[in-house]
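Participant: fold the following and give me the result.
(one chain, ligands or ions: 1)
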Amino acid sequence: MVVCVCNAIREKELRDAARDGSGKPSDIYAKLGRKPKCGQCLSFAQTIINSEAATA
Ligand code: FES
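Facilitator: Residues are numbered from 1 along each chain as shown. This next block holds a predicted model:
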């Protein structure tokens, strides 16, 4: 599933990037070479990052 439409970031990609240390969505997006645009995805992205951190 696509988490961030603006940057075409998929949930798996986000989880993989979040696995080696949790952080803010903007930090994780930066790791992927992207940055937030519209911001609509950020709270959902944070939820996914948190859940990945909880299971790491
Ligand atoms: S959907 Fe992620 S920045 Fe717009």
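Participant: please make it C-alpha for all contacts and neighbour counts, starting now.
Facilitator: Will do.
Participant: the ligand contacts on the chain?
Facilitator: Counting by C-alpha under 6 Å from any ligand atom, the chain comes close to the ligand at 4-6, 36-41.
Participant: got a winner among those residues for most neighbours?
Facilitator: Using other C-alpha atoms under 10 Å as the neighbour criterion, Cys4 leads the residues of the chain next to the ligand with 21 neighbours.
Participant: so that residue makes contact with Cys38?
Facilitator: No - Cys4 is not in contact with Cys38 according to C-alpha atoms under 8 Å; the separation is 9.3 Å.
Participant: how about the closest residue to Arg34 other than its chain neighbours, phi and psi?
Facilitator: Distances taken as C-alpha to C-alpha, 6 or more residues apart in numbering put Asn7 closest to Arg34, at 6.7 Å, once the chain neighbours are dropped. Per-residue torsions, Asn7: phi -110, psi 0 (degrees, to the nearest 10).
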